[in-house]
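1. With the input below, show me the fold.
(one chain, ligands or ions: 1)
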Amino acid sequence: MGTILVIAEHEGGQLKLATLSAVACAAKIAAEAGGAFEVLVLGENLGGVAEALRHYGAANVLAADHSAFKLPVADKFAQAIAHVARERGVTMVVAAASTFSKDILPRAAALLDAGMLSDVVEATRAGDDFVFKRVMFAGNVIATVQLEGAVKFLTVRAAAFAQPAKSASQSPVVNHSFDAAQLPAFAESAGCAAKVAGRPDSTEARIVVSGGRAIKNAEDFERLVGGLADALGAAVGSSRALVDSGITPNSLQVGQTGKIVAPDLYLAVGISGAIQHLAGMKDTKVIVAINKDPDAPIFEVADYGLVADVYTAVPELTEKLKK
Ligand SMILES: Cc1cc2nc3c(=O)[nH]c(=O)nc-3n(C[C@H](O)[C@H](O)[C@H](O)COP(=O)(O)OP(=O)(O)OC[C@H]3O[C@@H](n4cnc5c(N)ncnc54)[C@H](O)[C@@H]3O)c2cc1C
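-> Prediction:
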């Protein structure tokens, strides 16, 4: 097997932790197949991110540092990834399953006429090749799939591949220059809106507090869910019911059609536990549910459950945590 290329993701000068799960998957496949892996990071002013990537066993960290990559415009990134994959003779491209890779990786795969699998949770050696398990239908089906072709593209679920520990050795950083004139110019990014409230991203956070239809309005959401999250240093999330009723922004939605999170602790505040919501958080290590209905389906997946009204239980819990 040839080299595997991992595509790194970053934001605000920080490496996204989900990238390390992609690194773990690539390292496993490379170790079992007797190959190596490299990491490609695209962006502008990449010094800190490239440095952070040096400690995870990559043969090289390829840094494409250019103003054309300031923001992840899919056409440009896809072409750059396809170019590097061709140039380095890679046989597999791996990234974390995320909004970033959903947008970019299939385009890069198409440019190379390569097959692609998303949401991979397992990679097993099968002769000279690998078979992959991937989740489908909101996690109700696990498909076992083999990819044809000389180059294979994968995105991997963060919870499925434990993030590797930092090693003392350091991978070399190789600056990879691009002629921006060769990149597609159909779309340019006009800017990027800053995140609200300064809370962590739910896909990166160790603790996520999510609110559901029990919360009646945006002020109550901020006070109850936001207040509890801040007491725990946690990210906030929400069910689709609150997004659909305009109480929370779409960016907070957890679930099949929202974000997939896998924190150490997930607090479901007044969420019933519909299958589409569970699809986004059931890989959490410890689930805590607060719901006034003892028969709510969320209690079937919860490790700890509190049958209570969120309007009384959450302020009490928040006060105790603050102390
Ligand atoms: C194709 C498709 C995709 C979908 N994708 C998603 C998705 O990505 N994410 C998602 O979340 N949903 C998604 N849904 C919607 C999903 O089916 C549910 O409708 C939604 O998750 C319900 O949200 P909820 O649990 O907040 O509300 P409800 O199901 O109405 O549950 C509210 C819960 O709050 C409890 N409660 C009410 N008042 C209180 C109180 N005062 N104190 C304590 N508990 C209280 C109730 O007992 C109830 O269990 C999708 C649906 C479809 C069809």
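2. quick one: contacts for Ile290?
-> Going by C-beta atoms under 8 Å, 6 or more residues apart in numbering, Ile290 touches 267-270, 305-306, 308, 310, 313-314. (Each C-beta comes from the backbone N, C-alpha and C, glycine too.)
3. would Leu42 count as being in a strand?
-> Yes: judged by DSSP: H, G, I helix; E, B strand; the rest coil, Leu42 forms part of a strand.
4. hang on, the earlier thing: what about the contacts of Ile290, which one has the most neighbours?
-> Ala268 (30 neighbours; other C-beta atoms under 10 Å).
5. rewinding a little: near the ligand too, which of the contacts of Ile290?
-> 270, 310 (C-beta under 6 Å from any ligand atom).
6. count of residues packed around Pro172?
-> Residues near Pro172, counting by other C-beta under 10 Å: 10.
7. wait, it sits on Val61?
-> Yes: here Pro172 reaches Val61: they are 7.1 Å apart, a contact under C-beta atoms under 8 Å.
8. Would you mind naming what in the chain lies close to the ligand?
-> So the chain meets the ligand at 212-214, 239-241, 253-258, 270-272, 274, 276-277, 280, 291-293, 296, 309-311 (C-beta under 6 Å from any ligand atom).
9. what about burial for these, which qualify?
-> Buried members of the residues of the chain next to the ligand, scored by 16 or more other C-beta atoms under 10 Å, are 212-214, 239-241, 253-256, 258, 270-272, 274, 277, 280, 291, 296, 310.
10. ok, which stretches of the stretch 51-200 of the chain are helices?
-> For the stretch 51-200 of the chain, the helices defined by DSSP state H, counting those that start in this stretch occupy 74-88, 99-111.
11. so how far is Ala268 from the residue in the stretch 1-150 of the chain that the ligand sits nearest to?
-> Relative to the ligand, the nearest point of the stretch 1-150 of the chain is Ala138 (7.8 Å; C-beta to the nearest ligand atom). Between Ala138 and Ala268 the distance, using C-beta to C-beta, to the nearest Å, works out to 17 Å.
12. among the residues of the chain next to the ligand, which are in helices?
-> 240-241, 276-277, 310-311 (DSSP state H).
13. among those residues, which two are most distant?
-> Greatest spatial distance among these (C-beta to C-beta): Gln276 and Tyr311, at 25.2 Å.
14. so where do the strands sit in the stretch 51-200 of the chain?
-> For the stretch 51-200 of the chain, strands defined by DSSP state E, counting those that start in this stretch occupy the ranges 61-65, 92-96, 115-126, 129-136, 141-145, 152-156, 173-175.
15. can I get those in a markdown table with mean pLDDT, mean neighbour count and distance to Ala8?
-> What follows is the strands of the stretch 51-200 of the chain, written out as a markdown table (pLDDT from 0 to 100; neighbours: other C-beta atoms under 10 Å; distance: least, C-beta to C-beta, whole Å):
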| stretch | mean pLDDT | mean neighbour count | distance to Ala8 |
| --- | --- | --- | --- |
| strand 61-65 | 97 | 23 | 8 |
| strand 92-96 | 97 | 28 | 8 |
| strand 115-126 | 96 | 17 | 17 |
| strand 129-136 | 95 | 17 | 21 |
| strand 141-145 | 95 | 11 | 25 |
| strand 152-156 | 97 | 27 | 13 |
| strand 173-175 | 96 | 15 | 12 |
